[in-house]
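Trainee: curious how this folds, go ahead:
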Amino acid sequence: MSDTRCRRCLLRELAEGQELYESVKAYRAELPEDVRTTDAAFEARLERCRSCPYLNNATCMQCGCFVEIRAAKRDIHCPMGNW
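Mentor: Model prediction:
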């Protein structure tokens, strides 16, 4: 049996993650502007996550979070210091 989990995928790229990703989008949209990362910063953070060896199936294997949730807030940072 082969392991078919996506090692470098984000929730928005996973077929089974679409409902959860919609929840993440709603969560981020509801954050106050002074708390929420800008769109550009959010995307830059996610690009750094995509190249990280600790990203596995939309989850950071260092802290256990979904990276889209962690990247949504300005005052939360990567546990590996990537952003």
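
Trainee: C-alpha only now, for contacts and for neighbours.
Mentor: Fine.

Trainee: and Asn82, how many neighbours does it have?
Mentor: When neighbours are defined as other C-alpha atoms under 10 Å, Asn82 has 10 of them.

Trainee: just checking, next helix/strand downstream of the worst-scoring helix or strand of the chain on mean pLDDT?
Mentor: Lowest on mean pLDDT, DSSP states H and E among the helices and strands of the chain sits helix 18-30, with a mean of 92. Later in the chain than helix 18-30, the nearest helix or strand by DSSP states H and E is helix 39-50.

Trainee: contact partners of that next one?
Mentor: Arg8, Cys9, Leu10, Leu55, Val67, Glu68, Ala71, Ala72, Asn82, Trp83 (C-alpha atoms under 8 Å, 6 or more residues apart in numbering).

Trainee: and if we set it to 10 Å?
Mentor: 7-10, 36-38, 52, 55-56, 58-60, 67-74, 77-78, 82-83 (C-alpha atoms under 10 Å, 6 or more residues apart in numbering).

Trainee: list only those of the residues you listed flagged as buried.
Mentor: 7-10, 36-37, 55-56, 58-60, 67-73, 78 (16 or more other C-alpha atoms under 10 Å).

Trainee: on contacts alone, who are the packing partners of the least confident helix or strand of the chain?
Mentor: Here helix 18-30 touches helix 67-71, going by 3 or more C-alpha pairs under 10 Å, 6 or more residues apart in numbering; DSSP states H and E.

Trainee: pLDDT of the helix it packs on, averaged?
Mentor: Averaging pLDDT along helix 67-71 yields 95.
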